[in-house]
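Student: Got a predicted structure here, sequence first:
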Amino acid sequence: MMQKRIPATVITGFLGAGKTTLIRHLLANAGGRRIALIINEFGDVGVDSELVKGCGDASCGEEDIVELANGCICCTVADDFIPTMTRLIERENRPDHIVIETSGLALPQPLIRAFNWPAVKATVTVDGVVAVIDGPAVRAGLFAADPEKVEALRKADVNLDHESPLHELFEDQLRAADLVLLNKADLLSAKEREELIAELSRKVRDGVTIVPTEHGRIAPDVLLGIAAAAEEDVHNRPTHHELAGEADHDHDDFVSFVLDLPAFADRERLLSRIRHVMERFGILRLKGFASIDGKRARLAVQAVGPRVEGWFDRPFKPGEPQESRLVVIGLKGLDAEAVRASLLAED
């Protein structure tokens, strides 16, 4: 008897929207499902995979978590994604469901097409594409077509003081989605949520549901089991480049680098320096881990725009180097050494 195809869920979303938080909630409430997770990092340090591995739940064993750190998954399908999928499929204990967290800079459409490769198509289907969006950020005008909203955001946040392809990436992710999660809805009023859902409804395909969520909390039975078979109708989910008649894309507008830094004297001072460099250099995202003098636990750091968060996620392991490593994502031309110097500068 032919085995059922393994369902796969593709989770997209812009920088800091809450994809990792959503996945941790999903793994903690898997309900007995064996879930394999593929994480596509944009950068050289597996920050998000480290956070997920630390969830302490039986559903996220390290053997079920695969990290692709060689660039945007939609550009490395043949080299990275297909071999990874093949290994998962050929395992004796095959997963019940595969979840793929894409980089915030990834186009979902080329990834969806990859499920039509002969090595994958007979065994796996795209159950659904889920777009996670930062409700308050979108409400503030990020990636909006309205020039007035863009201009208002430029005055409030120098990170977006440019007309960039980020707006197109955001719309491409919405256009590919089968389900949209309006995350951080608790930071919006009821009226703001209603207005934002109405606005987003004009950007998604007919029949796509937009669900408000807080901290990525949503029942797994809503997230999984959409049965969209997205690979069968990827032509109905065109990118801006396809609509313009272009065959492919590039990410030359972005740069990503890793900073290896010494321990910092104080948590609050570090977070203050990060806020400073985010604003000064127009950094899109900064994330990683830091060592704080006198602390036996590492500090996990996530920063997007004016929001900077830092929390001690776990104790250092015996023999583990107590060092600081930060991934910085910004626009082309961002000076890594200038960012390093600013982070280490004395006030």
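Tutor: Cool, got the structure. All values derive from a computational prediction rather than experimental measurement. Residues are numbered from 1 along each chain as shown.
Student: Return the distance of the nearest residue to Ala219 once chain neighbours are set aside relative to Val126.
Tutor: Excluding its sequence neighbours, the residue lying closest to Ala219 (C-beta to C-beta, 6 or more residues apart in numbering) is Asn29, at 7.6 Å. Using the backbone N, CA and C atoms, a C-beta is placed for each residue, glycine as well. Distance of Asn29 to Val126, computed by C-beta to C-beta, to the nearest Å: 22 Å.
Student: These two: which has the busier surroundings?
Tutor: Neighbour tally, Asn29 and Val126, criterion other C-beta atoms under 10 Å: the higher count belongs to Val126, 30 against 16.
Student: which residues does the more buried one contact?
Tutor: Residues counted as contacts of Val126 (C-beta atoms under 8 Å, 6 or more residues apart in numbering) are Pro7, Ala8, Thr9, Val10, Ile112, Phe115, Ala228, Ala229, Ala230, Glu231.
Student: quick one: which of these is nearest Ser324?
Tutor: Lowest distance from Ser324 to these (C-beta to C-beta) belongs to Val10, with 32.1 Å.
Student: and that closest one, what element?
Tutor: Per DSSP states H and E: Val10 is located in strand 6-13.
Student: Could you list every helix and strand in contact with the helix or strand following that strand?
Tutor: Where DSSP H and E defines the elements, the next helix or strand beyond strand 6-13 is helix 19-28. When contacts are defined as 3 or more C-beta pairs under 8 Å, 6 or more residues apart in numbering; DSSP states H and E, helix 19-28 packs onto strand 6-13, strand 35-40, helix 47-53, strand 97-101, helix 220-223.
Student: switch the cut-off to 10 Å
Tutor: Counting contacts by 3 or more C-beta pairs under 10 Å, 6 or more residues apart in numbering; DSSP states H and E, helix 19-28 packs against strand 6-13, strand 35-40, helix 47-53, strand 97-101, strand 124-134, strand 179-183, helix 220-223.
Student: least reliable of the ones you listed going by mean pLDDT?
Tutor: Lowest mean pLDDT within these: helix 47-53, at a mean of 56.
Student: May I have the strands that pair with whatever helix or strand Leu326 lives in, each with its orientation?
Tutor: Leu326 is part of strand 324-331, with elements assigned from DSSP H and E. Take DSSP bridges as the rule and strand 324-331 pairs in its sheet with strand 254-261 (antiparallel), strand 285-290 (antiparallel).
Student: starting at the chain centroid, how far to the shortest one?
Tutor: To tie it back to what came earlier, the one meant is strand 285-290. How far strand 285-290 lies from its chain's middle: 14 Å, per C-alpha atoms, centre = their mean, to the nearest Å.
Student: Nearest to Phe316 among the helices and strands packed on helix 19-28 would be which one?
Tutor: That would be, of the helices and strands packed on helix 19-28 and by C-beta to C-beta, helix 47-53, which comes in at 12.6 Å.
Student: quick one: the helices in the stretch 201-347 of the chain?
Tutor: Here the stretch 201-347 of the chain has its helices, by DSSP state H, counting those that start in this stretch, at 220-223, 240-243, 267-281, 336-344.
Student: where does the nearest residue to Ala36 once chain neighbours are set aside fall, helix, sheet strand or coil?
Tutor: Distance criterion C-beta to C-beta, 6+ apart; nearest residue to Ala36, sequence neighbours excluded, is Pro95 at 3.7 Å. Classification of Pro95 using DSSP: H, G, I helix; E, B strand; the rest coil returns coil.
Student: I'd say Pro95 and Thr9 touch.
Tutor: No. Contact criterion C-beta atoms under 10 Å: Pro95 and Thr9 do not qualify, at 11.5 Å.
Student: Give me the below-cutoff pLDDT ranges for this protein.
Tutor: 1-3, 15, 41-80, 105, 142-166, 244-254, 305, 347 (pLDDT under 70).
Student: domain assignment for it?
Tutor: Per automatic domain parsing, the domain ranges recorded for the chain read 6-243, 254-344.
Student: and the longest one, how far apart are its ends?
Tutor: What it means is domain 6-243. Length of domain 6-243, first residue to last, C-alpha to C-alpha, to the nearest Å: 31 Å.
Student: What of stretch 88-106?
Tutor: End-to-end for stretch 88-106, by C-alpha to C-alpha: 22 Å.
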